[in-house]
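1. Provided below for reference: sequence and predicted model.
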Amino acid sequence: ALRLNLLPAGNPALLAGITAAFVYERDTDPYECLSSIPKSVHQFFKDAKRGLMPFILLMAVTPGVRAEITLDTDTLRLTFGPSGSLESAIGCFPSCNDENTRIQQFGSNNIVVFEGFTAGSWNYSRTQSAAGLELKFTHSSGASTTWTVPSQGYLLRLKSDRPGAVAIRSGESFRPREAAGFGTWLEQSRYVIIGDGDVTQAGFDEEAEVTATDSGWLGYRNRYWTLLAAPPPISDARLETAGGQLDASLVVDAKPGEWSFYIGPIEPVILKQSAEGLDDILYAGLWFWLRWICLALFYLLSWIKMVVPSWGIAVMLLSLAVNILMTPLSRIADRLQQQVNETEARLAPELQRIKKNYKGEVQSAKILALYKTERVHPLYSLKSMMGVAVVIPVFIGAFDMLAENIHLLNTGFLWISDLSRPDSLFLMPFKLPFFGADLNLLPFLMTMLSFIASALHKPLALNAELRRKQVINMVLLAMVFFVLFYTFPAGMVLY
């Protein structure tokens with residue numbers, strides 16, 4: 001909320017001038033927000049309010065070297081250095097003025113830096129064009145850098161005629177959020193390279209060196225946000241990696257020319273509208289047909305949200321809608337499972353007799369002879385896997401779509417403060433290995449419903465022994481899902 005500049009000690013007039021200029025701009029009483037500072041300084045501001053304000057404001061704007069140029073748009077908060085480097089960047093979604101805005105700081109020191117031209121002086125000018133606000137930085141040698149920043153959106157244009165490499169970095173604020181258990185899978189930052197329809201991702205801490213040549217877009221991302229650059233043609237990039245490295249640092253050697261920078265959310269609609277090829281970053285680790293499922297579920301969820309007031313309700317309705325849409329396939333899967341159950345029930349008595357009376361190769365031969373007599377394929381039980389084959393792709397699609405859905409970030413529902421995090425009913429006084437210190441209620445509710453479904457599951461084709469084994473398998477599966485999902489975001493468990 002504040003940017004603080006450290007000043008030499010013993011200069012209260014300059015300190016007061018800068019602070020008074022700040023509160024004057026914000027239309028705030030200069031001494032109302034200073035109740036916690038020493039009374040002598042407090043009294044100074046009272047005096048300033050009576051008659052010294054013009055003098056103090058004059059001191060605050062005394063001519064000198066302006067070290068930073070700040071620019072605020074509807075979706076970005078940018079700070080540029082005197083030579084045109086992008087010192088810091090903050091992205092807002094859907095906008096910085098929205099009541100439920102999501103904010104990400106990409107870094108606070110040297111996000112995009114131009115190497116070279118360390119000597120000499122720079123001039124700065126700004127003009128308004130149809131494309132947006134143009135910030136031009138001109139070196140005493142004649143070389144220049146021009147940023148074009150739109151009033152809305154996240155796509156910046158850069159035109160540079162200065163030679164030399166360009167370094168792109170992230171800061172501590174872009175590091176993954178703390179997570180426990182399998183939740184750490186989701187909270188990861190990594191490099192991204194997009195070229196010719198392919199997406200390559202690499203962790204900051206990989207040991208092997210990562211390079212890119214003439215890529216369409218390259219940069220870095222975390223779970224919800226990304227900074228991607230499209231350099232001029234004929235460019236080479238070196239992505240710095242090392243064990244334990246936490247921040248991105250890549251250097252692009254490119255000829256002078258035009259760049260594009262996307263600094264914003266990983267959101268399907270915005271990415272597609274911003275530039276061609278940007279949306280390839282979505283669900284990049286999946287096969288193309290699984291990406292289609294993710295996108296279809298995203299748009300279905302968005303349509304549902306248009307008619308309901310809550311994202312939590314929308315996620316539950318999405319689960320219901322998917323089950324309804326999959327009813328024909330589910331019926332086929334149930335029919336195949338019923339056939340497997342009937343076959344197991346028919347073969348069970350004879351199989352038990354063979355396993356009791358024979359061992360080794362004789363037993364195997366007898367079982368195969370039984371299958372042949374009953375005209376049953378030895379792999380008949382795989383029929384039941386057809387139902388799983390239908391459900392798993394949709395489950396994976398919903399899993400990845402909800403994991404990267406920025407609309408769930410900082411969105412509450414019932415006791416859940418953030419659907420992108422575990423529901424955390426309350427914080428326990430101790431921390432469990434793997435599970436963390438949060439007591440999450442939703443995984444317990446999910447497992448309890450699974451236990452109830454297991455108790456009610458009574459296929460008529462199975463005898464009591466086979467029914468008991470199937471119930472045990474269902475209970476074990478529910479326990480596996482409990483461990484898997486306990487540290488996952490609440491939105492995913494809700495689904």
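-> Now that the structure is in, tell me what you want to look at.
2. measure residue 362 to residue 294 for me?
-> 51 Å (Cβ to Cβ, to the nearest Å). To be clear about C-beta, it is placed using only N, CA and C from the backbone, and glycine gets the same treatment.
3. with neighbour numbers in mind, choose between the two.
-> Set residue 362 next to residue 294 and count neighbours by other Cβ atoms under 10 Å: residue 294 wins out with 23 against 11.
4. list the residues that contact that one.
-> Residues near residue 294 by Cβ atoms under 8 Å, 6 or more residues apart in numbering: 282, 283, 286, 397, 400, 401.
5. would you list the phi and psi of the last one?
-> Recorded main-chain torsions at residue 401 are phi -60, psi -40, according to degrees, to the nearest 10.
6. restricted to helices, list the contacts of residue 294.
-> Counting by DSSP state H, the contacts of residue 294 place 397, 400, 401 in helices.
7. so where do the helices sit in this structure?
-> Counting by DSSP H, the chain has these helices, from start to end: 12-25, 39-47, 53-60, 268-274, 288-305, 311-325, 327-357, 360-374, 385-403, 441-456, 464-485, 490-494.
8. okay, these, which one's buried deepest?
-> Mean neighbour count (mean count of other Cβ atoms under 10 Å) peaks for helix 490-494 among the helices of the chain, with a mean of 26.
9. test my guess that residue 100 contacts residue 410.
-> Yes: contact criterion Cβ atoms under 8 Å: residue 100 and residue 410 qualify, at 6.9 Å.
10. quick one: contacts for residue 89?
-> Contacts of residue 89 (Cβ under 8 Å, 6+ apart): 76, 77, 78, 79, 105, 106, 107, 111, 227, 263.
11. apart from its chain neighbours, what residue comes closest to residue 413?
-> residue 312 (2.8 Å; Cβ to Cβ, 6 or more residues apart in numbering).
12. and residue 97, by the same measure?
-> Closest to residue 97 by Cβ to Cβ, 6+ apart is residue 74, at 6.9 Å.
13. list the contacts of the one you found.
-> 92, 95, 96, 97, 151, 152.
14. wait, which of the residues you listed is closest to residue 201?
-> residue 92 (25.2 Å; Cβ to Cβ).
15. what count of nearby residues applies to that closest one?
-> For residue 92, using other Cβ under 10 Å, the count is 21.
16. now swap in residue 262 and tell me
-> For residue 262, using other Cβ under 10 Å, the count is 24.
17. about what we covered before: drop anything exposed from the contacts of residue 89.
-> Neighbour-count burial (16 or more other Cβ atoms under 10 Å) applied to those gives 76, 77, 78, 79, 105, 106, 107, 111, 227, 263.
18. want to throw those into CSV with pLDDT and distance to residue 256?
-> As requested, the buried ones among the contacts of residue 89 are exported to CSV (pLDDT from 0 to 100; distance: Cβ to Cβ, whole Å):
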residue, pLDDT, distance to residue 256
76, 94, 25
77, 94, 28
78, 94, 22
79, 93, 24
105, 94, 30
106, 93, 25
107, 86, 25
111, 92, 20
227, 96, 21
263, 95, 22
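19. closest to residue 166 out of those?
-> After measuring those against residue 166 - Cβ to Cβ - the closest member comes out as residue 111, at 11.0 Å.
20. list the contacts for that closest one?
-> Contacts of residue 111 by Cβ under 8 Å, 6+ apart are 85, 86, 87, 88, 89, 168, 169, 170, 171, 227.
21. what do you get for residue 296?
-> Taking Cβ under 8 Å, 6+ apart as the criterion, residue 296 is in contact with residue 397.
22. could you do the one 3 residues further on as well?
-> Applying Cβ under 8 Å, 6+ apart to residue 299 gives the contacts residue 268.
23. ok, back up a step: quick one: the residue nearest to residue 413 from residue 272, how far?
-> Using Cβ to Cβ, residue 312 is found at 26 Å from residue 272.
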